[in-house]
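J.: I'll drop the sequence and a predicted model, then ask my questions.
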Amino acid sequence: MKYISPELATNYKSTFLSCEKDQELIWRKLLFESKPYSDKLKRLLVINTPDCLDEKQYQYQTQINKITLQELHDKGYITTIPRLKFYEHDEMRSCILLQFDNITPSYNPAFRDFSVTFTVLCNLEQWELDDYKVRPYQIAGYIDGILNGVQLTGIGRLEFLSASVIGLNEDICGLVLVYNAVHGNPDDTENIDNTKPALQNLGIPASL
């Protein structure tokens, strides 16, 4: 016979179990909910040409308008898996790796503070863009512009901590951006349920 603790059944909450909610919220904020900057970020990830940010290239905008969050994930442009995956005849892919680290107690026992790390990786062949722009720095710039100082419900206020260059091999290099996610009073009043996806907590339809 199996026994289930009533305390466990009614009060089973953990920061670790909310990671899927947190990453969904961050991806949607970056790539869909912060236009026109979200569109520029998608161009930098999806369009592997030096003129990817050229507004006169209307076909680029048409291309990114069709792509969904699920496709960005499935095709490897965004990931939480610390492993690069290359597809046949497609070794120039840029990607953003999202990770949660340094999880520590906060003043509120219902939440924990942690750091959010974005690793931006680009092939050196696609490093330089038109007008002396540099792809990984452009990607980092849009990430920072969209998220730094922003209060994300259930995650906390993102505060920029550091950025550093990373080189994986002779072909792939990029930048690592680290943000502190600090919980505050706004998180306490939202009644966030860590057992539900982010969009359900916010009352937003799950599809875009």
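T.: Sure, I can see it. Just so it is clear, the model here is predicted, and its values are computed rather than measured. Numbers count the residues shown, from 1 in each chain.

J.: sec struct for residue 141, please.
T.: Classification of residue 141 using DSSP: H, G, I helix; E, B strand; the rest coil returns helix.

J.: which ones are touching it?
T.: In this structure, residue 141 makes contact with no residue, judged by C-beta atoms under 8 Å, 6 or more residues apart in numbering. Backbone N, C-alpha and C define where each C-beta goes, glycine included.

J.: Let me know whether residue 27 touches residue 78 as I believe.
T.: Yes: using C-beta atoms under 8 Å, residue 27 is in contact with residue 78, at 6.0 Å.

J.: Common neighbours of the two, please.
T.: Shared contacts of residue 27 and residue 78 (C-beta under 8 Å, 6+ apart): 72, 98.

J.: What residues of stretch 111-130 count as buried?
T.: Of the residues in stretch 111-130, 111-124, 126, 129 count as buried by neighbour count, 16 or more other C-beta atoms under 10 Å.

J.: Nearest to residue 146 among these?
T.: Proximity to residue 146 was ranked across those by C-beta to C-beta; first place goes to residue 118, at 10.9 Å.

J.: who does the spatially closest residue to the closest one that is not a sequence neighbour bridge with?
T.: Leaving out its chain neighbours, the residue that sits closest to residue 118 by C-beta to C-beta, 6 or more residues apart in numbering is residue 177, at 4.5 Å. On DSSP bridges, the residues paired with residue 177 through beta bridges are residue 118, residue 163.

J.: Now for residue 177, how many residues are close by?
T.: Neighbour count for residue 177, taken as other C-beta atoms under 10 Å: 22.

J.: again with residue 182
T.: Applying other C-beta under 10 Å, we find 17 residues neighbouring residue 182.

J.: And for residue 154?
T.: If we define neighbours as other C-beta under 10 Å, then residue 154 has 21 of them.

J.: got it, and the one 4 residues further on?
T.: Burial of residue 158 is recorded as 22 neighbouring residues (other C-beta under 10 Å).

J.: Repeat that for residue 131.
T.: Summarising burial for residue 131: neighbours were counted as other C-beta under 10 Å, giving 9.

J.: Just to check, residue 105 is in contact with residue 112?
T.: Yes: taking C-beta under 8 Å as the definition, residue 105 is a contact partner of residue 112 at 6.0 Å.

J.: coming back round to it: out of the buried residues of stretch 111-130, which comes closest to residue 158?
T.: residue 116 (6.4 Å).

J.: quick one: that closest one from residue 83, how far?
T.: Plainly put, residue 116 is 19 Å away from residue 83 if you go by C-beta to C-beta, to the nearest Å.

J.: Show me the strands in this protein, by range?
T.: In the chain, strands defined by DSSP state E lie at 78-79, 95-105, 112-123, 151-152, 156-167, 172-182, listed in chain order.

J.: Now distance to residue 32 and mean pLDDT too, for the ones you listed, in JSON lines please.
T.: JSON lines is the format used below for the strands of the chain (distance: least, C-beta to C-beta, whole Å; pLDDT from 0 to 100):
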{"stretch": "strand 78-79", "distance to residue 32": "12", "mean pLDDT": "94"}
{"stretch": "strand 95-105", "distance to residue 32": "14", "mean pLDDT": "88"}
{"stretch": "strand 112-123", "distance to residue 32": "17", "mean pLDDT": "91"}
{"stretch": "strand 151-152", "distance to residue 32": "14", "mean pLDDT": "90"}
{"stretch": "strand 156-167", "distance to residue 32": "17", "mean pLDDT": "94"}
{"stretch": "strand 172-182", "distance to residue 32": "19", "mean pLDDT": "93"}
